[in-house]
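Participant: Next comes the sequence, and after it the predicted model I'd like to discuss.
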Amino acid sequence: MLGSILSRVFLPLLRGKLPGLSRGKKTGLGNVFSLFKKVLESNNRALEAITDMGEKLGGAYIFDINYIKQSYSVLSSGLRESIGQFNSLTGNAYPIGAAFERIDSLIGRMIYGAPAGGGGEMVLFYEDITWDMLRETGGKNFHLSEIKNAMKLNVPDAFAITGHAFDEFIRHNGLEKKIEALSEGGAEEEKLRELRELVLGGGFPAPLDAAIGSAVEKMKARNFSPRNKISLAVRSSAEEEDSEFYSFAGQFETVLNVRAEKTAVEEAYKKVVSSLFSEEAAAYRKGMGITGAARMPVGCVMMVDAAASGVLYTADPLGVRKNAMIVNAAWGLGKSVVEGSTGTDLFVIGRGEGGEKPEIAEVKTGEKAAMTVASPEGGTKQIETPPGLEREKPCLSGQQVLELAGVALRVENHYRRPQDIEWSFGKDGRLYILQTRPLKVSGREDEREKALRPGGKMNPVLMSGRGFVVQRGTAAGPAFILERPGQMDEIPRGAVLVAKNDSPQFIRVMPFISAIITDTGAPASHMASICREFRIPAVVNTGNATQVFSSGQELTLLAGEDGGMTVYAGIVRELVEGGRRGLAEVEDLYEFRKKRYLMRYIAPLNLVNPLTDDFTPEKCKTMHDIIRFIHEKSVQELISASREAGGHSALRRLDLPVPAGIQVIDIGGGLAPDAKDPVRMEQVTSVPFEALLKGMTQPGVWHAEAVSLQMKDFLASMMRMPDITAEGAGYAGRNIAVISGEYLNLTLRFGYHFNLLDCFCSDRPGNNHIYFRFVGGATDITKRSRRIQLIADVLKEYGFVSSTKGDLITARLSNVGREEIVRILEQAGRLIAFTRQLDAVLADDASVEKYRDRFFRGEFRF
Amino acid sequence: MSNRIMIIDDEKIVGDMARISLEQDGYEVETFLNAAPALERLKEQKFDIVVTDLKMKGIDGLEVLRTVKDLYPATKVIMITAFANLDVAIEAIRGDVHDFFPKPVKIRELKESIKKALV
């Protein structure tokens, strides 16, 4: 066992059989090194372009498309060059060129507006949706399929009816011209109504009809259960919907509980598509400044037989509760929760240490008078909560809340931003994720607003501390009490809308009202999401606002950061002037965000850890990922080439005050010109090597006297002897440093352990790295593992990312400035000297800590 | 009374970004995607500042500069362009341009330039 671990680790090293080495593509270490440096240079040009684009597209500059074209061409040509050099360095070992072309063509389409790709599929099952199909599947399908495929979360079986299918449907029914005419203005309501009717009465092109039919059959076949008839939720997944920028919350149709039959699905499809032309959706698009033709991909998701459902926010959208997640839940399907049509249970979950250890902080049980259930005849209905389910008891157990929180944290980690998640617990007890989208979180309160708050004391307070603030802000105007929906057209400009229920229908008036206050409603409702997007101060669930206020009465609403609200009588000028709904910001511009969107495929770094299986060209999603991949693999290439250079003729002995027995190969600038054989320590001009030697030879760190081994250590080393001697004869006793002015590759074999350190140390932090590998030892595996533990602890302190396995550690550090690298290398030198025989004294686990602390204190005696 | 600023650029995003940034500072801003309607508008309304792209289809920025100066000698013209070249810059300066920015334009610098122009 021990022998096999060692031989697995050693033999490839000693035989020099690392990736690339046997392909014979490069000639000599000097060549490899100069290619390596060229790769770094062109990578740098690309990185600089990325930085510049990030800055210029960040909102502080006015830019135009020419700028984007120019800077992207600098970026892509830098990268093409990098890839060329990288390919000669590695002998075309990695398909990185293909990864580049894939991302480049996506970005190219965004810049030059060529038609989007997508294989022309009309229907895609979620398992077949890949990361580049956002446009074809729409936001909702895309995100849900991503968490299903990449995170293996429990998402119900589902398929998308694509954007291409939508185009075909529109063409088949001859609606293109009518849609175009919408943007010409005039008689908009009329045009929208006509379009809705034409869609609802439309027919299906034969290929789409067939595709939907076979998808439904496939879904039925693979989910067959004699007890449950399957049915579908047919949901909008419009292009911009659920995106980073727009939620379109509740603006489009969802048809629930649709029979799993072609005709029923097609009817539901038409309903969903027609909602693209609803007045609410048109108002939302206009309000958000969205222009251009809209497309509507649709999702067909298998219905969950839900016991309880709701919404989870991974952060408080108001920014009031720090480090908390919020769950709103009710019995049955989630419809009542998102529509705000019933009271809900509120769970506040503290995220705990590091935001990763959820615990329930607060439970507020709501009066859940109603619940939504699937009707046997199709569709859903809201019923009174039956006696079996207690209205006033929480609809989730503590365990369920924590399970939900755990899954939510994973989703948030995946997207690296707060999420708004719809979920259900099935009657089967399983948790299903039904939707996830970015959550809009309010920023900090305006200083101005804070300073002016006391001004409100002058006017009588009509209401205070009631309900949930769903959007902070200050607003004033005459109250308008909405008795019935039909009165919406009567709402005057600047009014404070006071209504019994919250409703996403209010979108129609949002552009010109100043605030919303409702009697009932939930903070997780669609209306709440939209208020946040429009920045309309809003408070829901106040209980009796429609009775407290009267139409025409002048009010000032202050919805504060701490979640508290106050309504003053009259118009409090000093409050309103200060807290007036913020003017539009550059960030709100649709064109701006659309242009900036391409940065998604350029700047983020997803390929973080080279030690994982995901570190492949296929997993590169951005240009930055490609640069990272090239860099990492170039370093690997350099390491193996340096190791291969063991037989180099230019070996010179290094004269050191400690018996480390190191020989040196200088590939350029690593030694003073007058250095002979043996080289004196002060003749080393390689920055990293000099630093390492300084630490390694510090008086008192290197133990000259042998540490006594116990019998079992002897036995252990005897048993492993053949592994080393048989294969490594040519290597034994040879400790080699390959150096240049900025580079060090050091391989050390002391007794039975093997230590490799590779470092590039230049003026550019982005180019720099330290790679550290340590394996083996003479003592038994327990002691050797303890030594590895100590090394891992020490390296972690300096920011290394490491992975350990038994008596092996590989650790990496990158993106660190020259001075920091030098400092760390001195410590690494001490660590190498200090740990050389340390395993022998690590008698128990506690000793790991003891010696580690001694090391940090600079006490190097055993 | 707040100062009036006209923005002329054939790319929508440029006008939009400039308008939103300048409105935040209390200016009245109007944007135009090409010069002809902008010059029409100038005949009926005086503007304190005209920010114009240099290279546009039809009437270019230098012609805008000349027309503005003919109509309202006191109105300041700020030129922005992606194609900075010395000859054009010299011609613009001769034509009494107030400032000249290569794109992308740092919003803060544009605002400072406008503030100076209005002193």
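Facilitator: The structure has been received and is ready for your questions. Numbering: from 1, shown residues only, chains lettered A, B, ... in the order given.
Participant: going forward, measure contacts between C-alpha atoms and count neighbours the same way
Facilitator: Fine.
Participant: Tell me the secondary structure of A:H164, please.
Facilitator: State at A:H164, reduced to three classes by DSSP: H, G, I helix; E, B strand; the rest coil: helix.
Participant: same question but for B:T31, I mixed them up
Facilitator: strand.
Participant: Who is it paired with across the strands?
Facilitator: In this entry, B:T31 is beta-bridged to B:I7, by DSSP bridges.
Participant: Can you name the residues that contact it?
Facilitator: B:M6, B:I7, B:I8, B:D9, B:G15, B:D16, B:R19 (CA atoms under 8 Å, 6 or more residues apart in numbering or on different chains).
Participant: now do A:C531
Facilitator: A:V470, A:Q471, A:M510, A:P537, A:A538.
Participant: Recalculate using a threshold of 10 Å.
Facilitator: A:V470, A:Q471, A:R472, A:P504, A:F506, A:I507, A:M510, A:A515, A:I516, A:P537, A:A538, A:V539 (CA atoms under 10 Å, 6 or more residues apart in numbering or on different chains).
Participant: Pretty sure A:V738 is one of the things A:V664 touches, is it not?
Facilitator: Yes. With contacts counted by CA atoms under 10 Å, A:V664 reaches A:V738, the gap being 6.0 Å.
Participant: Between those two, which has more neighbouring residues?
Facilitator: Set side by side, A:V664 and A:V738 show more neighbours around A:V738, with 28 against 25, by other CA atoms under 10 Å in any protein chain shown.
Participant: gap between the host helix or strand of the more buried one and the chain center?
Facilitator: If you go by DSSP states H and E, A:V738 is part of strand A:735-739. Computed by CA atoms, centre = their mean, to the nearest Å, the chain-centroid distance of strand A:735-739 equals 40 Å.
Participant: Flag every residue of chain B that's near chain A.
Facilitator: Taking CA under 10 Å from any CA of the partner chain as the criterion, chain B approaches chain A at residues B:9-21, B:23-24, B:81-83, B:102-110.
Participant: buried subset of those residues?
Facilitator: B:9-11, B:13-21, B:23, B:81-82, B:102-107, B:110 (16 or more other CA atoms under 10 Å in any protein chain shown).
Participant: Could you report the pLDDT at residue 8?
Facilitator: Just going to use chain A. A:R8 is assigned a predicted lDDT (pLDDT) of 33.
Participant: not quite, I wanted chain B
Facilitator: For B:I8, the predicted pLDDT is 96.
Participant: ok, how many other residues are close to it?
Facilitator: If we define neighbours as other CA under 10 Å, then B:I8 has 28 of them.
Participant: Kindly report the same for A:G138.
Facilitator: By the criterion of other CA under 10 Å, A:G138 has 27 neighbours.
Participant: Surely it touches A:G163?
Facilitator: Yes. The pair A:G138 / A:G163 is scored as a contact, 7.5 Å apart, by CA under 10 Å.
Participant: list residues touching both of those two?
Facilitator: Common neighbours of A:G138 and A:G163 (CA under 10 Å, 6+ apart) are A:S237, A:A238, A:E239, A:R295, A:M296, A:P297, A:V298.
Participant: so of those residues, which ones are in strands?
Facilitator: A:V298 (DSSP state E).
Participant: about what we covered before: take the contacts of A:C531 and keep only those in strands.
Facilitator: A:V470, A:Q471, A:A515, A:I516, A:A538, A:V539.
Participant: Please identify, among the residues you listed, the one with the most neighbours.
Facilitator: Greatest neighbour count in the ones in strands among the contacts of A:C531, by other CA under 10 Å, goes to A:V539: 34 neighbours.
Participant: Would you mark the buried spots in the helix or strand hosting A:V498?
Facilitator: Here A:V498, judged by DSSP H and E, is contained in strand A:496-499. Neighbour-count burial for strand A:496-499, counted by 16+ other CA under 10 Å, picks out A:V496, A:L497, A:V498, A:A499.
Participant: quick one: which of the residues you listed is nearest to B:Y72?
Facilitator: A:V496 (44.7 Å; CA to CA).
Participant: give me the number of residues near the nearest residue in space to A:G799 that is not next to it in sequence?
Facilitator: Leaving aside its sequence neighbours, A:G799 sits nearest to A:L813 (CA to CA, 6 or more residues apart in numbering or on different chains; 6.6 Å). A:L813 has 19 neighbouring residues, counting by other CA under 10 Å.
Participant: if you average pLDDT over the helix or strand A:L813 falls within, what comes out?
Facilitator: Taking DSSP H and E as the criterion, A:L813 maps to strand A:808-814. Here strand A:808-814 scores 86 as its mean pLDDT.
Participant: ok, then the element right after that strand?
Facilitator: helix A:818-835.
Participant: Outline the domain layout of chain A.
Facilitator: A:2-114+A:602-639, A:118-303, A:305-441, A:447-587, A:648-857 (automatic domain parsing).
Participant: Look up phi and psi at the residue nearest the centre of chain B.
Facilitator: The residue lying closest to the centre of chain B (CA atoms, centre = their mean) is B:V51, at 1.0 Å. The phi/psi pair for B:V51 (degrees, to the nearest 10) reads phi -100, psi 120.
Participant: That one and B:L22 touch, don't they?
Facilitator: No. Counting by CA under 10 Å, B:L22 is not a contact partner of B:V51; they are 11.5 Å apart.
Participant: any residues in contact with both of these two?
Facilitator: B:I5, B:L110, B:I114.
Participant: Which members of the residues you listed are positioned in helices?
Facilitator: Counting by DSSP state H, those place B:L110, B:I114 in helices.
Participant: Leaving out chain neighbours, which residue sits closest to A:A405?
Facilitator: In this structure, A:A405 finds its nearest non-sequential neighbour in A:P358, 6.6 Å apart by CA to CA, 6+ apart.
Participant: Which residues are in contact with that neighbour?
Facilitator: Contacts of A:P358 by CA under 10 Å, 6+ apart are A:323-325, A:348-352, A:401-406, A:409.
Participant: ok, so of those, who is nearest A:E267?
Facilitator: A:L404 (33.9 Å).
Participant: Can you check the pLDDT for that closest one?
Facilitator: A:L404 is assigned a predicted lDDT (pLDDT) of 96.
Participant: That one contacts A:I360, correct?
Facilitator: No. Counting by CA under 10 Å, A:L404 sits too far from A:I360 to count as a contact (11.4 Å).
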